[in-house]
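Asker: next one to model:
(2 chains)
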Amino acid sequence: MLTKRIIPCLDIKNGRTVKGINFLELKDAGDPVELALKYSLEGADELVFLDISATEERRKTLVQLVQKVAQTITIPFTVGGGISSVEDVELLLKNGADKISINSSAVKNPKLISEISKNFGSQCVVVAIDAKLINENWKVHLVGGKVATELDLFDWAKKVEELGAGEILFTSMNNDGTKNGFANEALAQLSKTVNLPIIASGGAGTLQHFEEAFSIGNADAALAASVFHYNEISIPNLKKYLKTAGIPVRIQ
Amino acid sequence: MKMKIAIIDYGAGNIKSIQFALNRLGFEGILTNNPNEICSADKVIFPGVGEASSAMKKLKISGLDKLIPTLKQPVLGICLGMQLMCNHTEESDTKGLGIFDTNVVQFSNLVKVPHMGWNDIKTADEEQFFCRASTGFMYFVHSFYAEICQETIATTHYLTDFSAALQKDNFYGVQFHPEKSGMVGEQILKNFLNL
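Answerer: Next comes the predicted model:
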């Protein structure tokens, strides 16, 4: 049986793992290679590695760091941040990334999704969508959540599926950093809208929040950063909890 | 003597991760599309991520489509590599190498596609090489699957049962990614290298 995935996210800035609250106030959370190995050994199902400074500072993702992580861990990982061309993708895949994640650049240039998908397969294209609930409408935001667009979350999700995305990473900006749980209603609606795996992101605070993202939100994977980085939730405990709650998970 | 492992490099997908996995096991894999180098290797790994018809085109340009079926040493096809070793794939209606007598078809829309994540495999034959790995979950990511046939040695269930692994003579194929499947996956690679 296909299991639900638990994905620690390593937000990278200047080679260190950082985590902010509501996308701001960045705090240092450790060495990314060390953390990647720790999570891999603890039973994380995948890793996401986001160079969060890349888009706004137009810096290319840290290729060397990607290679070091790839050499170290035995599970798949996704790299995002500052990717705006097929050449960027090729460089990352060549250095050991399994998937790439695009966000702002996909909105600015939707054709990028189909170009990457055609060249490397849809399985490696994760489209990350940051959205905020404004007046009962989920609006897509860009550049790490700083720039609002008129784009509707569900319309955009449908569009990226048509263009050849392999997976959607949905971050609710209303939930991110709050530790009050994932945006389960929007997640469930996303799963009805598209036939792609959905990664839930933003709001993890307790074991139960993860359970709800799967049982209510119907997510295929749940992503979190700070609860893992600051040892508030351990992955083995989380998986045990989920298994007891009847959620299929991989236990090593 | 040091084992010579050739990883067929025909410009398809992420082959670096296979090289890294071999390094972790204490081996070295040579990325190559040179026929002499491939023929003289002790083990050949035929990876592949991406789209079937363009991968097949690349194989043809370097003549590897003719070479691979003639290899005598153990050959391991991974993911798209395994699919291209079958008769035919529905992906862009592409003819395969015809090593495994089965066809590759697309998952129905009744499930989310791609089939992405960790799923368990059931082995058909206890004596098979990778059954010596502890049973466990493997990492899959694919939208097409090989139908079950005589050469199926392990199955996985996603809406339907499909071939998780195939074997015919010296040819092995796995739909999942052993190089990305934690310790269990590494054990499978080790078993292959010990053949």
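
Asker: for residue A:220, grab the count of nearby residues.
Answerer: For residue A:220, the number of neighbouring residues by other C-beta atoms under 10 Å in any protein chain shown comes to 23. For glycine as for every other residue, the C-beta is placed from the backbone atoms N, C-alpha and C.

Asker: list the contacts of it.
Answerer: Residues near residue A:220 by C-beta atoms under 8 Å, 6 or more residues apart in numbering or on different chains: A:4-5, A:197-199, B:112, B:116-117.

Asker: quick check: pLDDT value at residue B:11.
Answerer: Note on residue B:11: pLDDT of 74.

Asker: tell me the contacts of it?
Answerer: By C-beta under 8 Å, 6+ apart, the neighbours of residue B:11 are residue B:58.

Asker: now it: which helix or strand?
Answerer: According to DSSP states H and E, residue B:11 maps onto no helix or strand at all.

Asker: if we can go back for a sec, need the contacts of residue A:220 in CSV (columns: secondary structure and neighbour count).
Answerer: Putting those into CSV (DSSP: H, G, I helix; E, B strand; the rest coil; neighbours: other C-beta atoms under 10 Å in any protein chain shown) gives the following:
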residue, secondary structure, neighbour count
A:4, coil, 23
A:5, strand, 24
A:197, coil, 23
A:198, strand, 24
A:199, strand, 26
B:112, coil, 20
B:116, strand, 25
B:117, strand, 25
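
Asker: closest one of these to residue A:99?
Answerer: Of all the contacts of residue A:220, residue A:99 sits closest to residue B:116, with 9.4 Å by C-beta to C-beta.

Asker: and the strand ranked longest in chain B, which strands flank it?
Answerer: Counting residues, the longest strand in chain B under DSSP state E turns out to be strand B:160-168. Take DSSP bridges as the rule and strand B:160-168 pairs in its sheet with strand B:152-158 (antiparallel), strand B:171-174 (antiparallel).

Asker: who in the stretch 51-200 of chain A is up against chain B?
Answerer: Residues of the stretch 51-200 of chain A found near chain B (C-beta under 8 Å from any C-beta of the partner chain) are A:67, A:70-71, A:74-76, A:93-98, A:118-124, A:166-167, A:191, A:195-197.

Asker: what stretches of chain B score poorly on pLDDT?
Answerer: B:1, B:12-14, B:124-135 (pLDDT under 70).

Asker: thinking again about what came up before, got the buried residues for the longest strand of chain B?
Answerer: Residues B:162-167 are the ones in strand B:160-168 that count as buried (16 or more other C-beta atoms under 10 Å in any protein chain shown).

Asker: can you redo those as a markdown table with distance to residue B:192?
Answerer: Formatted as a markdown table, the buried residues of strand B:160-168 follow (distance: C-beta to C-beta, whole Å):
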| residue | distance to residue B:192 |
| --- | --- |
| B:162 | 21 |
| B:163 | 17 |
| B:164 | 15 |
| B:165 | 11 |
| B:166 | 13 |
| B:167 | 11 |
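
Asker: what's near enough to touch residue A:36?
Answerer: With contact set as C-beta under 8 Å, 6+ apart, residue A:36 has these partners: A:10, A:47, A:49, A:69, A:72-73, A:77.

Asker: what is the neighbour count of residue A:152?
Answerer: Residue A:152, neighbours per other C-beta under 10 Å, totals 15.

Asker: meant to ask about residue A:235
Answerer: 19.

Asker: that one contacts residue A:224, doesn't it?
Answerer: No - counting by C-beta atoms under 8 Å, residue A:235 sits too far from residue A:224 to count as a contact (10.0 Å).

Asker: overlap in contacts, those two.
Answerer: With C-beta under 8 Å, 6+ apart as the test, residue A:235 and residue A:224 both reach residue A:8.

Asker: tell me where the chain has helices.
Answerer: No chain specified, so I'll use chain A. For chain A, applying DSSP state H gives helices covering A:32-42, A:54-57, A:63-72, A:86-94, A:104-108, A:111-120, A:153-163, A:184-193, A:207-215, A:226-229, A:235-244.

Asker: correction: the question concerned chain B.
Answerer: B:16-24, B:35-39, B:52-61, B:64-67, B:80-84, B:182-193.

Asker: including mean neighbour count, could those go into JSON lines?
Answerer: Formatted as JSON lines, those follow (neighbours: other C-beta atoms under 10 Å in any protein chain shown):
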{"stretch": "helix B:16-24", "mean neighbour count": "21"}
{"stretch": "helix B:35-39", "mean neighbour count": "14"}
{"stretch": "helix B:52-61", "mean neighbour count": "19"}
{"stretch": "helix B:64-67", "mean neighbour count": "17"}
{"stretch": "helix B:80-84", "mean neighbour count": "29"}
{"stretch": "helix B:182-193", "mean neighbour count": "20"}
